[in-house]
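*Asks:* here's a sequence, model it:
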Amino acid sequence: MIYMSVWPTSQVHHRWLDQHSRDLLAFGRRTADPGGGARWLDARGLPVPGRPASALISSRMTHVYGIGALLGVPGAGPVAAQSMAGLTGRLRDTVHGGWFSAVTDDGTPEPGKSCYDHAFVILAASTATQAGLPGAAELLADACALFLERFWDDRTGMCVDTWDTSFTTLDEYRGINANMHTVEAMLSVASVTGDQAWTERALRICRFVVTTASAHHWRIPEHYDSAWTPILEFNADKPDHPFKPYGATIGHGLEWSRLLLHAAASPLGGNEEWLTTAAAELFDRAVTDGWAVDGNPGFVYTTDWSGRPVVRDRMHWVAAEGINAAAALHALTGRQVYADRYREWWDYSAEFLIDHEHGSWFHQLDAANVPTDTVWPGKADLYHAFQTTLGPRVPLWPMLATAVDQHLA
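*Replies:* Numbering: from 1, shown residues only. All right, here's what the predicted structure looks like:
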């Protein structure tokens, strides 16, 4: 079916998005941990007992509720501050530097330090700085300095992935997932601080990804060795890994599509054709390989290198990234096809992913669009769904927190 109304730019639709963003914030309001940080939420929005405090969830919820504070939602600021307290408190390694991935209630940290987590700490700190949370600017400065020292490899223009806890031994694995979220974080720092050196670094990562994806028919190799040689069969025995699945990840093609458009809209991007062309190519490949390819609506999680589905479950974040990518491409081109996809995927999300009884979005559906929890139990955080309510309402530059502050606050 072809729709002629243009939802991404409709003010009536934007009012619905605004209400949905506030509904999501209401669902997650119990996330703040009295001990500092944010807690993993179950299907009804209640904290999961016994689950360790997590740098990832604490960072994502600091980001989400920091934006909520910018939107003027009462109570959002205290949730953001308490979530950030985990990053300035027990999740911070005061001996070796950086942040633990998780810490149990008795203070035992999870071993290792990951680029993925540290990218989200930077994102959280940049949003908290934009929102004016006390201590956020200091957290941002410390996180950026640590990141440049430990994770940014200026020689390759890419980020390394995982260290041991003491930053003594660096793992040989290199990954695109961590670099993808680093691009988001770097562009966010540039938006908040005006320091375009962060944009320069982000553009170097983007160049690598575009070059590599174009050589693989716009399917993005996710896993590499220390020389940045793709390992195409990595985790073939763990195809549904939540962070490092085998094969091409459909949602990452969509997420990279959007990030390339943010980079193109930046002061250093100049809407360069290599960025905007690659964004469209990645979007088209993800849609061709991933959307409703097995007879049911929804995006499959992963495919092999010929485009054949491997994991057919539907992850909520993939649909969310598809919606935002379609909105971004429509903003750039004005083409109706992107508006049609945008509406189609919101209709799908409303039918299958949004939990109209208990709130938020189901994080995982099976191939028949029935909720399941083999990879993502409960409703851990609001990051992807919440951003989907904001992307269509702000320009591609600056990045989200700054754009909300300038255009929606």
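
*Asks:* average pLDDT for the host helix or strand of residue 321?
*Replies:* Under the criterion of DSSP states H and E, residue 321 resides in helix 316-333. Helix 316-333 carries an average pLDDT of 98.

*Asks:* tell me the buried residues in it?
*Replies:* 316-332 (16 or more other Cβ atoms under 10 Å). Quick note: C-beta positions are derived from backbone N, CA and C, even for glycine.

*Asks:* next secondary structure after it?
*Replies:* Next along the chain after helix 316-333, with elements defined by DSSP H and E, is helix 336-348.

*Asks:* what angle sits between that following helix and helix 316-333?
*Replies:* Computed by axes from the mean of the first three to the mean of the last three Cα atoms, to 10 degrees, the angle separating helix 336-348 from helix 316-333 equals 150 degrees.

*Asks:* chain center to the helix or strand just after helix 336-348, what's the gap?
*Replies:* As assigned by DSSP H and E, the chain's next helix or strand after helix 336-348 is strand 364-365. Its chain's average C-alpha position is 17 Å from that of strand 364-365, according to Cα atoms, centre = their mean, to the nearest Å.

*Asks:* check stretch 341-353 too.
*Replies:* Using Cα atoms, centre = their mean, the offset of stretch 341-353 from its chain centre is 19 Å.

*Asks:* ok, now stretch 164-176?
*Replies:* The chain centre lies 22 Å from the centre of stretch 164-176; the measure is Cα atoms, centre = their mean.

*Asks:* need the distance between the two termini of that stretch.
*Replies:* 19 Å (Cα to Cα, to the nearest Å).

*Asks:* just the C-alpha atoms of the helix holding residue 321, please, in PDB.
*Replies:* What follows is helix 316-333, C-alpha atoms only, in PDB (Å, rounded to 0.1, in the frame of the first residue of the first chain):
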ATOM      1  CA  HIS A 316      12.800  -4.000  18.700                       C
ATOM      2  CA  TRP A 317      15.900  -1.900  18.200                       C
ATOM      3  CA  VAL A 318      16.100  -2.900  14.500                       C
ATOM      4  CA  ALA A 319      12.600  -1.500  13.700                       C
ATOM      5  CA  ALA A 320      13.400   1.600  15.800                       C
ATOM      6  CA  GLU A 321      16.600   2.200  13.700                       C
ATOM      7  CA  GLY A 322      14.700   1.600  10.500                       C
ATOM      8  CA  ILE A 323      12.200   4.200  11.400                       C
ATOM      9  CA  ASN A 324      14.800   6.800  12.300                       C
ATOM     10  CA  ALA A 325      16.900   6.000   9.200                       C
ATOM     11  CA  ALA A 326      13.800   6.400   7.000                       C
ATOM     12  CA  ALA A 327      13.000   9.700   8.600                       C
ATOM     13  CA  ALA A 328      16.600  10.900   8.100                       C
ATOM     14  CA  LEU A 329      16.700   9.900   4.400                       C
ATOM     15  CA  HIS A 330      13.300  11.600   3.900                       C
ATOM     16  CA  ALA A 331      14.700  14.700   5.500                       C
ATOM     17  CA  LEU A 332      17.600  14.700   3.200                       C
ATOM     18  CA  THR A 333      15.900  13.700  -0.100                       C
END
